[in-house]
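1. Generate a structure from the sequence data that follows.
(4 chains)
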Number of protein chains: 2
Amino acid sequence: MGKQMTEMLKGTLEGIVLAILSVQAAYGYEITARLREQGFTEIAEGTVYALLIRIEQKGFVDVEKVPSEKGPPRKVYSLNVQGREFLEEFWSTWSFLAERLEQLHKEGGN
Amino acid sequence: MGKQMTEMLKGTLEGIVLAILSVQAAYGYEITARLREQGFTEIAEGTVYALLIRIEQKGFVDVEKVPSEKGPPRKVYSLNVQGREFLEEFWSTWSFLAERLEQLHKEGGN
DNA sequence: GCCGCTATTCAGTGTTACTATGTAGTGGTA
DNA sequence: TACCACTACATAGTAACACTGAATAGCGGC
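-> As a prediction, the model looks like this:
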C-alpha cells in the first residue's frame, strides 16, 4: 500500500469501520470484503481484526458469535450506543479537517 | 488535543504543512502561528519542528537560515520540485479518502 | 537583572496500520 | 485417504507519526 495512504488511514480507518457497522452489523471477514469493494483494496485482514478487537475493548460494539456454514464461527459486531456517540464525534472531527484541507487545496491550486 | 484529531492528523499534517509552504516559504514559528490561525489551535510547537526536520530529510524542502530582528535565526523552508510532486500525490490520496468518507457519511446519515 | 516574546531542538511515550504467519472449520476432488 | 481452496479469526514484531515536557538561545523593555 502507498505509505501516504497507510499514514492517512491512521485515525480514519476506525471511523470507516464504525460507519460500515452503523449501517448494518457485520463480521470481520465480511468487513474486509466490503472495504475492498469500496476501493480499499490493499487493507490487510490482520489490520481489520486488530481494529475490531480494539473497538470491542473500547466498548463501541457488541459481539455475538454466530456459527457459519462455511468455516469457523463468525464474530458479528454491532454498533452500540457508545459506538454511535463516538462515530458522531468522529464525523465532526473529520468535517473540521476536511473543510480546512479543502480550503488549503483551493488556495494552493492556483 | 482530542485523541481523535491527534490520530487523524497522522499523515495529513505533513500535507497541510507542505500545502502552506506551497503558497509561500515560511519558518517553523511562523508555520505554527499560521496553523493556529486556521483553527488548529492545539498543535504543539514541538510537533511542527519535528515534522519540518522530517520533510527536510526526505528532500521536499530547501532550507535557508535568515537572521531575525527579534530572536535567534530563522530556518526558512521553501517547497522544492520533489516537494511539489509529493504534495500532488498527497492531494490525490486525500481526495480518494475524502470521497469514500463522504459516501459513507451519506449512507449512514439516514 | 528579570521577564516576555521570538525561535529552535530533543528524548521519551502512546497509538496505529502493516507484515508475516499460524490456527481452524468446511466442502470438493482425485 | 490426502490434498486443496475458501472461509474465518488471531497475533507477535515493526515502522511511522504526533504529543508531552522539557531545554536552549537571542532580543528588547521595565
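2. From here on, just use CA atoms for contacts and neighbour counts.
-> OK.
3. ok, which stretches of chain A are helices?
-> Assigned by DSSP state H, the helices in chain A fall at A:3-9, A:13-23, A:28-37, A:45-57, A:81-108.
4. Mean pLDDT added to those, as a markdown table?
-> Compiled in a markdown table, the helices of chain A are given as follows (pLDDT from 0 to 100):
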| stretch | mean pLDDT |
| --- | --- |
| helix A:3-9 | 95 |
| helix A:13-23 | 97 |
| helix A:28-37 | 96 |
| helix A:45-57 | 97 |
| helix A:81-108 | 95 |
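5. deepest of these, which one?
-> Compared across the helices of chain A, helix A:13-23 shows the largest average neighbour count, a mean of 21 (mean count of other C-alpha atoms under 10 Å in any protein chain shown).
6. Point out the other helices and strands that it packs with.
-> With contacts taken as 3 or more C-alpha pairs under 8 Å, 6 or more residues apart in numbering or on different chains; DSSP states H and E, helix A:13-23 sits against strand A:74-79, helix A:81-108, helix B:81-108.
7. Between these, which one is closest to residue B:42.
-> With respect to residue B:42, and counting by C-alpha to C-alpha, the nearest of the helices and strands packed on helix A:13-23 is helix A:81-108 at 13.3 Å.
8. Just want the angle from the closest one to helix A:45-57.
-> Using axes from the mean of the first three to the mean of the last three C-alpha atoms, to 10 degrees, the inter-axis angle of helix A:81-108 relative to helix A:45-57 is 120 degrees.
9. Mind checking if helix A:81-108 is in reach of chain B?
-> Yes - contact of helix A:81-108 with chain B (C-alpha under 8 Å from any C-alpha of the partner chain) involves A:90-91, A:93-94, A:98, A:100-101, A:104-105, A:107-108.
10. Give me the helices and strands touching that helix, please.
-> Using 3+ C-alpha pairs under 8 Å, 6+ apart, helix A:81-108 sits against helix A:13-23, helix B:3-9, helix B:13-23, helix B:81-108.
11. okay, those helices in CSV with distance to residue A:67 next?
-> Converted to CSV, the helices and strands packed on helix A:81-108 look like this (distance: least, C-alpha to C-alpha, whole Å):
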stretch, distance to residue A:67
helix A:13-23, 19
helix B:3-9, 35
helix B:13-23, 44
helix B:81-108, 28
